[in-house]
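>>> Need the 3D shape of this:
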Amino acid sequence: MDSSDGEGAAALRQLLSLYANLAEAPVARQIDGIRHCTLSAVNRRVPEPGPVVFARGVSITLEVDEQAFSGASPWLFGQRAGAGLWPPCGAQQFHGVHPEQPAAWRSGLLAAAHGPESADMSGEKVISLPRLTRLPDDFWQRVMAAPWRYDLFQLLRRLDAQGGQRYPLGRAPLPKFESVRIGQTPSLAFAPATVASATPRDEAGRHELSIYSFGLFGPNGPLPTHLTEYVHERIVHHQDHSLSAFADLFHHRATLLFYRAWADAQPTVSLDRPDDSRFLNYLACLAGIGLPAQQQASSLSLHARLMLVGHLSRHGHDAEGLVRILRHYFGVPVRLTQNLPHWLTLDSRDQARLGAGRHMPRLGASAFLGVAVRDVQHRFRLHLGPLSAAQYARFLPDAPGAREVRDWGASLPRH
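Modelled structure (predicted):
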């Protein structure tokens, strides 16, 4: 491996080798053929049909050795690499592979919550990867065979998202609702990995997970070192696991609570399960739409409004902010005309009348001539276009686009 090819390519080769499960010789040769890797941020709107969702991700540009792909398909390699990168990275969509030149191929990963298979506004086909699919049958066999390949939080997150459990890890009211029991392997060695071993339990579908990285024992544990030596000696020479099993009662709960505290603070993890919307609730409360009735009272997607929570949470709003929102949301040119003059009809009680006694209007203070007054402060006009025929039909009266424009214009001044 040439050290001059950059740290990005080396890191990607290592990641694919660990997680992509690409053990075939041709694919391994293609992984070794990655020479350069660059990343750029992606901010896209997940296209219709379905709710309007904005998502952020990363576009990965690879320069590879052309000889490594002789007789093989770069597109197939990109699809399989994307499927391998998706679980550990948490991405929910893979946008295919696009050739740029004979020896360079580009793939995109977009971390989004939803989005059925369709084509976006640029014509690029979006392939949605399944969410909350069950773990493969050989998942635990792979973990037990090579536990050092898995990070603790990465493993727990995958169990949380694809394990089919009723409760998220760390929130189950009883241990019987959890498919994994976590303990610590007493050892004085500095841990080479976070996961030590995995073994099946007597109950079907349940496993024990032993870790190095977190617990009472070990060089980084709070207990004195001689206690770790004592527990290790009892296990190795006397097959006595009583003290270790007693400590695992606390290890299991403390580790899951530690994982849950981390997961609740990660916006991407909250998209793994449809029943886990804690981080979305944080953003909704920040935008002033934390109540379910507030979220359902608009035709706008909740994800779209949370994407623009920075605008919604401001105390004051300006015309430029609304124009930027609409341009970003609809992807069409938008202009706004301010201070549009119009006439405000006065209530009969507010109209100036002679002989009104103590309430007689005063000239220059409260007297109005006529039944209406001219106003330039309460109305503005939006100009959308130029538009294609399909875009124009979307903004016709009572069309979805027209309702969304109305709701965007009405939502900002209320905050």
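>>> per-residue pLDDT, Leu156?
If you check Leu156, the pLDDT there is 94.
>>> What helix or strand is it located in?
Using DSSP states H and E, Leu156 maps to helix 152-162.
>>> The helix or strand following that helix packs against which elements?
Counting by DSSP H and E, the next helix or strand C-terminal to helix 152-162 is strand 180-184. Here strand 180-184 touches strand 207-211, helix 242-264, going by 3 or more CB pairs under 8 Å, 6 or more residues apart in numbering; DSSP states H and E. Glycine gets a C-beta too; all of them are placed from N, C-alpha and C.
>>> Just name the most buried of these.
When the helices and strands packed on strand 180-184 are scored by mean count of other CB atoms under 10 Å, the highest mean neighbour count falls to strand 207-211 (a mean of 20).
>>> Just the mean pLDDT for it, thanks.
If you average the pLDDT over strand 207-211, you get 94.
>>> And for stretch 333-343?
Per-residue scores along stretch 333-343 average to 91.
>>> For that stretch, what is the distance to the chain centroid?
Stretch 333-343 has its C-alpha centroid displaced from the chain centroid by 36 Å (CA atoms, centre = their mean, to the nearest Å).
>>> Likewise for stretch 146-155?
The answer for stretch 146-155 is 21 Å, by CA atoms, centre = their mean.
>>> Next: stretch 301-312.
Chain-centre distance of stretch 301-312: 14 Å, with CA atoms, centre = their mean.
>>> what do you get for stretch 181-198?
Taking mean C-alpha positions (CA atoms, centre = their mean), stretch 181-198 and its chain are 30 Å apart.
>>> And it, what's buried?
Within stretch 181-198, the residues that count as buried by 16 or more other CB atoms under 10 Å are 181-186, 191, 194-196, 198.
>>> Which residue is the nearest non-sequential neighbour of Pro173?
Take Pro173 and drop its neighbours on the chain: the residue closest to it by CB to CB, 6 or more residues apart in numbering is Tyr167, 7.4 Å away.
>>> For that neighbour, grab the count of nearby residues.
13 (other CB atoms under 10 Å).
>>> Contacts only, for it.
Contacts for Tyr167 were tallied using CB atoms under 8 Å, 6 or more residues apart in numbering; they are 173, 177-178.
>>> Could you dump the buried residues of stretch 181-198 into JSON lines and include pLDDT?
Compiled in JSON lines, those are given as follows (pLDDT from 0 to 100):
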{"residue": "Arg181", "pLDDT": "94"}
{"residue": "Ile182", "pLDDT": "95"}
{"residue": "Gly183", "pLDDT": "95"}
{"residue": "Gln184", "pLDDT": "95"}
{"residue": "Thr185", "pLDDT": "94"}
{"residue": "Pro186", "pLDDT": "94"}
{"residue": "Ala191", "pLDDT": "83"}
{"residue": "Thr194", "pLDDT": "92"}
{"residue": "Val195", "pLDDT": "94"}
{"residue": "Ala196", "pLDDT": "94"}
{"residue": "Ala198", "pLDDT": "94"}
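>>> got JSON lines for those, with distance to Pro400 too?
Below are these laid out as JSON lines (distance: CB to CB, whole Å):
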{"residue": "Arg181", "distance to Pro400": "49"}
{"residue": "Ile182", "distance to Pro400": "48"}
{"residue": "Gly183", "distance to Pro400": "53"}
{"residue": "Gln184", "distance to Pro400": "54"}
{"residue": "Thr185", "distance to Pro400": "57"}
{"residue": "Pro186", "distance to Pro400": "61"}
{"residue": "Ala191", "distance to Pro400": "54"}
{"residue": "Thr194", "distance to Pro400": "48"}
{"residue": "Val195", "distance to Pro400": "48"}
{"residue": "Ala196", "distance to Pro400": "54"}
{"residue": "Ala198", "distance to Pro400": "49"}
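>>> Need the max-distance pair from those residues.
Arg181 and Ala191 (19.5 Å; CB to CB).
>>> Just the element for Glu63, please.
Assigned by DSSP H and E, Glu63 belongs to strand 53-64.
>>> hey, where'd the strands end up in the stretch 201-350 of the chain?
Applying DSSP state E, counting those that start in this stretch to the stretch 201-350 of the chain gives strands spanning 207-211, 334-337, 342-345.
>>> contacting residues around the first one?
Counting by CB under 8 Å, 6+ apart, strand 207-211 makes contact with 140, 152, 155, 179-185, 194-201, 251, 255, all of which sit outside it.
>>> between it and strand 180-184, what angle do the directions make?
Strand 207-211 runs at 30 degrees relative to strand 180-184, counting by axes from the mean of the first three to the mean of the last three CA atoms, to 10 degrees.
>>> mind listing what strand 207-211 pairs with, with the direction of each?
strand 180-184 (parallel), strand 195-200 (antiparallel) (DSSP bridges).
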